[in-house]
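>>> okay, here's the prediction I keep looking at, along with the sequence it came from:
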Amino acid sequence: MNIDFCKTQFKSTLLSQIITCSVISSAAFTAPVLAEFQLENRTSLRQHIEVEQSGGEVIASFIDKNGVIYSGEGPKVVIRDIKRNKEPKWKGQTDALPGVVTAIAKHKKDTLFVASAGYNDFSGGVHIFDMESDYDLKYKTELVYGVEGSLRVPEDIFIEGNTLYLLDSNLGMFAFDISYPKKPELIASAAFAKGQAIEKRGDFLFTFNTGITGGYSYIYQFDANTLRPMGYGQVPFAKDATFQQNLENGAITAHIQTVDERYIAYNIDDIHQPVELFATQNKSQAIFSENGRIYTASEEGLRQYDAFTHHLIGLDPTPMKRVTSITKGAEGHIVAMSDKGYLYQGEVSDQETVVNHTVELAGCTACMSTVSDEGYVYAADNINGLRVMGKNKQDVGRLNFLRSAVVEDIKKKGDTVYLADWAGALSVVDVADPTEPSLLTNLWVNGFPSSLSIAGNNLYVGQTTNGGTLWTYDITEPSSPQLLSQYNLGMSAQVKDLHAVDSTLLLGTTSGLMMVDTLDPSNPQVVGHFEGCDAVMGVWMRAKDKVGVLGCNNLDGRAVVSVDLTDITNPTQISKVNLPSEYHNVWSLDGNNDTVYVGQTAAVTAFSLDYAGQLVVKESYPTTEIPFNLEASTTSVTVSSGRGGMFTLSGLAK
């Protein structure tokens, strides 16, 4: 995986990756390089492909007055019932939308608007659903805005009456008349308005931009009818904001949640000079307001404040971990959603604040990689560390590493799981009891570990800082791995993927495929180099006949290449398939038996690998999130997509 991806690729600030054997004659590989194939007739809809979506980052939620929660979890909307203040019960979910759900709003009784953010050249949008019942959402159409073909990154939507206000971090702000929800009419726009939150108070619109300039954030004020800018004010660097208007005197206050875990209230009657009214330390990450009340949630509990006197009305001390979304419905229902994989439900009144239920959500919140065995899926979650799930994707065990680092890869041998993360840690976990995973040890690798592979008692770690480095550990005793070697591959050879078979190690690097002889693991040697790929992002080898398959990000286009590895000192190309340009970068690749799966920016494509080692395109499935990591089995492929959680595709290239 490209280690710079999270720093440079997302344009939105919200948007901060088995082998079986038989025998075949190597003579099949003596023929010259075959002609290239072109991918045609790919599947554009799910059709017969079965999709099981699980988990995903939570940014937005909404409670209907009937007591139903609609929460954005990754690229889909999940529906849960909390009527009569009972424990939330799952009622259904939508199909995946293009990009992570960032905002949800309801118009009157029967229309739900859902925003999902795009990235790179993969556009999101605002999607309109008919609500045939509380639990039945029927997709109708997309609200189209901006120039045709432009990248849409909607961050927030706000509905008042028959007007919908939309804030897009790439295209600006828009106002629509939604008297006829399925045919929105554009009223006004402001291309220069950017940010992450939008609210209307009185005759004004306020937007909030987290910003990083000089450690400050900005609040912008607009005329709600014309979207004419009226000025902006500067506040401490913050991660969330909300606004309230005192109906008695018309005073408008801004309430922000800062990066350094403070809640601060400002009078913004003069937007150019916000006046601080109140400040307190509260460890919260999200803030929400309604009807003169402010709500924050943190590990210290759920707090309710009066928005104008700033008095603390109620506190429930139930710890609430990494809350990213707070919403309130009728009858005092309040729900906080957590990227730690929890839903907290409570009741609030003018006298007290009570958390009634804590529900653990199924699936991986920010899944970057998985490994499976006969009974369990072991998921490397950016936010939650290791999650152990049953085949139904329900959690059975967790291990939080208590540090903020993207877990790049995960591998399993026996009762031990190994995880590598960007913080330079190689974590070794005992999963003999999957319900109680326990940390055996942490090893520290100098730089950014990017990939893992295991052969016999050797664990190989690919690293990407200051060029590429291959680390080899003896894991005969899992609780005490022994470093056997540290091999520098050169400044231009960052390791993107590894695949070990016996004493042969395939290294996918930014300077092509390297073949490494590991017969002496204390002294690995690069013995062969295939330069038919500029940057190899994924590698796999069919062990029975030593056919390698590479996912390549070439300067002249993306491609999948099969290679004869019978002589590892001289890899030679067998076939090549050019990938469609609209799917962009290759991120991952894995195979099983005679099927190979390739993950691009917006698709997973299945290839068959025939007896001669030639690749034949079978089918392609468009995805709504980047397939950072693929795990192939005999019947399906599990896709880890970071913010979009994880999903399993069945029926591809059967």
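In hand now; what should we look at?

>>> confirm residue 84 sits in a strand?
No: remark: residue 84 does not belong to a strand; assigned using DSSP: H, G, I helix; E, B strand; the rest coil, it is helix.

>>> what's near enough to touch it?
residue 67 (Cβ atoms under 8 Å, 6 or more residues apart in numbering). Yep, even glycine has a C-beta here, placed from its N, CA and C like the rest.

>>> how far away is it from residue 344?
Residue 84 sits 18 Å away from residue 344, going by Cβ to Cβ, to the nearest Å.

>>> same question, residue 456
Distance from residue 456 to residue 344, by Cβ to Cβ: 46 Å.

>>> kindly report the same for residue 122.
Separation of residue 122 from residue 344 (Cβ to Cβ) stands at 32 Å.

>>> what about the helices in the stretch 301-450 of the chain?
Counting by DSSP state H, counting those that start in this stretch, the stretch 301-450 of the chain has no helices at all.

>>> in it, where is pLDDT below threshold?
The stretch 301-450 of the chain contains residues with pLDDT under 70 at 403-404.

>>> same question for the stretch 551-654 of the chain.
653-654.

>>> just the strands in it please.
Along the stretch 551-654 of the chain, the segments classed as strands by DSSP state E, counting those that start in this stretch run 557-564, 572-578, 586-592, 595-600, 603-609, 615-622, 629-632, 636-640, 646-650.

>>> the second one pairs with which strands?
By that I understand strand 572-578. Strand pairing for strand 572-578, using DSSP bridges, gives strand 37-38 (parallel), strand 557-564 (antiparallel).

>>> who wins for proximity to residue 373 among those strands?
Residue 373 lies closest, by Cβ to Cβ, to one member of the strands paired with strand 572-578: strand 557-564, at 27.8 Å.

>>> what's in contact with the closest one?
Strand 557-564 is contacted by residues 26, 29, 513, 530, 532-533, 546-552, 571-579, 581, 583-586, 589, 596, 598, 600, 605, 607, 609, 613-615 when judged by Cβ under 8 Å, 6+ apart.

>>> give me the buried subset of these.
Buried members of these, counted by 16 or more other Cβ atoms under 10 Å: 29, 513, 530, 532-533, 546-552, 571-579, 583-586, 589, 596, 598, 600, 605, 607, 609, 613-615.

>>> for residue 169, find the nearest of the strands paired with strand 572-578.
Closest to residue 169 of the strands paired with strand 572-578, according to Cβ to Cβ: strand 557-564, at 27.2 Å.

>>> now stretch 617-636: buried residues?
By 16+ other Cβ under 10 Å, the buried positions in stretch 617-636 come out as 617-632, 636.

>>> cool, and stretch 126-136?
126-129, 131, 134.

>>> and of the residues you listed, the nearest to residue 308?
Nearest to residue 308, judged by Cβ to Cβ, of the buried residues of stretch 126-136 is residue 126 at 32.8 Å.

>>> now that closest one. Nearest residue, chain neighbours left out?
Nearest non-adjacent residue to residue 126, counting by Cβ to Cβ, 6 or more residues apart in numbering: residue 143, 4.1 Å away.

>>> need the contact list for that neighbour.
By Cβ under 8 Å, 6+ apart, the contact set of residue 143 is 113, 125-128, 164, 166, 176, 184.

>>> do you know how far it is from residue 266?
Distance, residue 143 to residue 266, by Cβ to Cβ: 32 Å.

>>> over to residue 629?
Counting by Cβ to Cβ, the gap from residue 629 to residue 266 is 43 Å.

>>> ranking the strands paired with strand 572-578 by burial, who's on top?
Of all the strands paired with strand 572-578, strand 557-564 has the most neighbours on average by mean count of other Cβ atoms under 10 Å, namely a mean of 22.

>>> tilt between that one and strand 603-609?
30 degrees (axes from the mean of the first three to the mean of the last three Cα atoms, to 10 degrees).

>>> run the chain-centre distance for strand 557-564.
The chain centre lies 27 Å from the centre of strand 557-564; the measure is Cα atoms, centre = their mean, to the nearest Å.

>>> just stretch 57-67 next, same as before
How far stretch 57-67 lies from its chain's middle: 19 Å, per Cα atoms, centre = their mean.

>>> what's the mean pLDDT across it?
For stretch 57-67, the mean pLDDT works out to 91.

>>> got the end-to-end distance for that stretch?
Distance across stretch 57-67, first residue to last, is 23 Å (Cα to Cα, to the nearest Å).

>>> same question for stretch 325-341.
Using Cα to Cα, the end-to-end distance of stretch 325-341 comes out at 12 Å.

>>> check which residues of it are buried.
325-329, 333-341.

>>> ok, stretch 385-400 next?
Neighbour-count burial for stretch 385-400 [16+ other Cβ under 10 Å]: 385-389, 393, 395-399.

>>> repeat that for stretch 240-255.
Applying 16+ other Cβ under 10 Å to stretch 240-255 flags 240-245, 252-255 as buried.

>>> okay, the buried residues of stretch 385-400 in JSON lines with distance to residue 450 next?
Shown next, in JSON lines, are the buried residues of stretch 385-400 (distance: Cβ to Cβ, whole Å):
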{"residue": "385", "distance to residue 450": "18"}
{"residue": "386", "distance to residue 450": "18"}
{"residue": "387", "distance to residue 450": "21"}
{"residue": "388", "distance to residue 450": "23"}
{"residue": "389", "distance to residue 450": "24"}
{"residue": "393", "distance to residue 450": "26"}
{"residue": "395", "distance to residue 450": "27"}
{"residue": "396", "distance to residue 450": "28"}
{"residue": "397", "distance to residue 450": "26"}
{"residue": "398", "distance to residue 450": "24"}
{"residue": "399", "distance to residue 450": "21"}
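
>>> which ones among those lie within strands?
Under the assignment DSSP state E, the buried residues of stretch 385-400 contribute 385-389, 395-399 to strands.

>>> my guess is residue 254 contacts residue 218. True?
No: using Cβ atoms under 8 Å, residue 254 is not in contact with residue 218; the gap is 10.9 Å.
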